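Undergrad: Structure for the following, please:
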Amino acid sequence: MKKSIFLRLLFITIMFVSCNGQVISKEDINAYVKSKSEFDKILTSHFPDKLLAYPYTIINNKNKAKNDICFMLYEYEVDSLKIDSILNKYHFVAKYTSQDSCLFLINRFETKDTYENRKKVEVLDSLQVNKDCYKMKYPVPNFEVYNPTDENNMKLDKSFNIFVLDAKSGNHFVNFDLLPNLQMPHKWQNGYSKGIAISKKSKTLIYWGVIW
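TA: Purely as a prediction, here's the structure:
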């Protein structure tokens, strides 16, 4: 089994990447539970209580300076019965496709380069910050930047649907009281979003909880 852990100073980015074909270890289960416990249950209530199978990827990011607080679980090779059970279990407030022409992205101007190297993000097009089409939508993660390894393709292809469970504006978490995020519209300069991105074709579930 391979497992990679990324730590950076001044903020924390942790990533666990594991392989299939093995019985999931108690160590990995405990690492997941510990990582999840670092975030408020409001953000993680929809995540599994524990890991049941390989392969999976965990992203745990706490960069307050960049309004980038994120906990994600990618589950791969998920059978269709489990996917159907997830779809039937929750009441989603919104559903989008990954190809939606107007996705309301959190930290839209973050790139793979600025994310990995923790560079300052520039708002290159102010018109993209506050589009009229955002008014009826909920913020969702900028999935494209959460790809610090090539071992698994974590970008959303056209087969993914994005299901939002909840999203609220403002600072709601004592441990993550953040300054306004200039990449977001005024109403949403702080907030949180939670949900699940699902692809039956790719057999992948992506649980997210994001604060900005």
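Undergrad: what separates the longest helix anywhere in the chain from the chain centre, distance-wise?
TA: Taking DSSP state H as the assignment, the helix of the chain that covers the most residues is helix 26-37. The chain centroid and the centroid of helix 26-37 are separated by 17 Å under CA atoms, centre = their mean, to the nearest Å.
Undergrad: which residues of this protein fall in strands?
TA: Using DSSP state E, the strands of the chain run over residues 12-17, 56-63, 68-75, 94-97, 161-169, 191-199, 204-211.
Undergrad: Mind putting the ones you listed into TSV with distance to residue 42?
TA: To be clear about C-beta, it is placed using only N, CA and C from the backbone, and glycine gets the same treatment. Formatted as TSV, the strands of the chain follow (distance: least, CB to CB, whole Å):
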stretch	distance to residue 42
strand 12-17	20
strand 56-63	16
strand 68-75	12
strand 94-97	18
strand 161-169	8
strand 191-199	8
strand 204-211	8
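Undergrad: Of all the ones you listed, which one is nearest residue 23?
TA: Distance to residue 23, taken as CB to CB, is lowest for strand 56-63 among the strands of the chain, at 13.5 Å.
Undergrad: Note down every partner strand of the closest one and its orientation.
TA: Sheet pairing of strand 56-63 (DSSP bridges) gives strand 12-17 (antiparallel), strand 68-75 (antiparallel).
Undergrad: shaky segments in the chain?
TA: 1-21, 147-155 (pLDDT under 70).
Undergrad: Apply 80 and report the result again.
TA: 1-23, 146-155 (pLDDT under 80).
Undergrad: wait, which of the strands of the chain is closest to residue 39?
TA: Short answer: strand 68-75, nearest of the strands of the chain by CB to CB, at 5.0 Å.
Undergrad: who touches the closest one?
TA: In this structure, residues lying in contact with strand 68-75 by CB atoms under 8 Å, 6 or more residues apart in numbering are 11, 32, 35-36, 38-39, 43-44, 47-48, 53, 56-63, 107, 110, 115, 141, 146, 152, 154, 176, 178, 204-212.
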